[in-house]
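Enquirer: I'll drop the sequence and a predicted model, then ask my questions.
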Amino acid sequence: MSEFQKIAECLSSYLKKMKDDKGVHADELSDIIVQCTGKGKNQINCYPGVSGIGCCDLSFFISLKSPSYTRGRGHLDCKQAMEKIVQHMQGSCFQKTRIAIFLTDNWDAAAFEKWRANLEDISHHAHIEIYLLTGQTVSEIKI
């Protein structure tokens, strides 16, 4: 199991706890990632999250749409998160961010097909992992 799968499982665990507290706000996601990685907020990029910290070596893209997990606005759907990955990894932080982790509870096969070539290209110059969160399970999706 990769260290990033452990982080995905940690996020899933937090979400289960917060589900009982009526869900998670989008602006809380970076705090959860900080807890799961042990890194400071200025050491990771998180979408959605705090902007303006520059390009970090490690970036997380989180797409949560399940009503049992989320509350408030600002959450990304799967398509929006994939667009953010491409914008970040092939645009503003090209060859600065070396690791991209995408976590979603709402897989969109059509969006994946649309962005597949970009994601494959990103995987040639950076490490990228995708995880689907379903109930108690965290499953890796291969590009």
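Expert: Perfect, thanks for sending it.

Enquirer: Please name the nearest non-neighbouring residue to residue 106.
Expert: Counting by Cβ to Cβ, 6 or more residues apart in numbering, residue 106 lies nearest to residue 65, which is 4.2 Å off, once chain neighbours are set aside. Placement of C-beta: from N, CA and C, glycine included.

Enquirer: longest strand anywhere in this structure?
Expert: strand 127-134 (DSSP state E).

Enquirer: which stretches of this protein have low pLDDT?
Expert: The chain contains residues with pLDDT under 70 at 1, 19-21, 50-52, 71.

Enquirer: Spatially central residue in it, please.
Expert: Central residue of the chain (Cα atoms, centre = their mean): residue 61, 2.5 Å from the mean position.

Enquirer: so which helix or strand takes in that residue?
Expert: If you go by DSSP states H and E, residue 61 is part of strand 58-63.

Enquirer: now for that strand, which elements pack on it?
Expert: Using 3 or more Cβ pairs under 8 Å, 6 or more residues apart in numbering; DSSP states H and E, the elements in contact with strand 58-63 are helix 29-37, strand 44-47, helix 78-87, strand 99-104.
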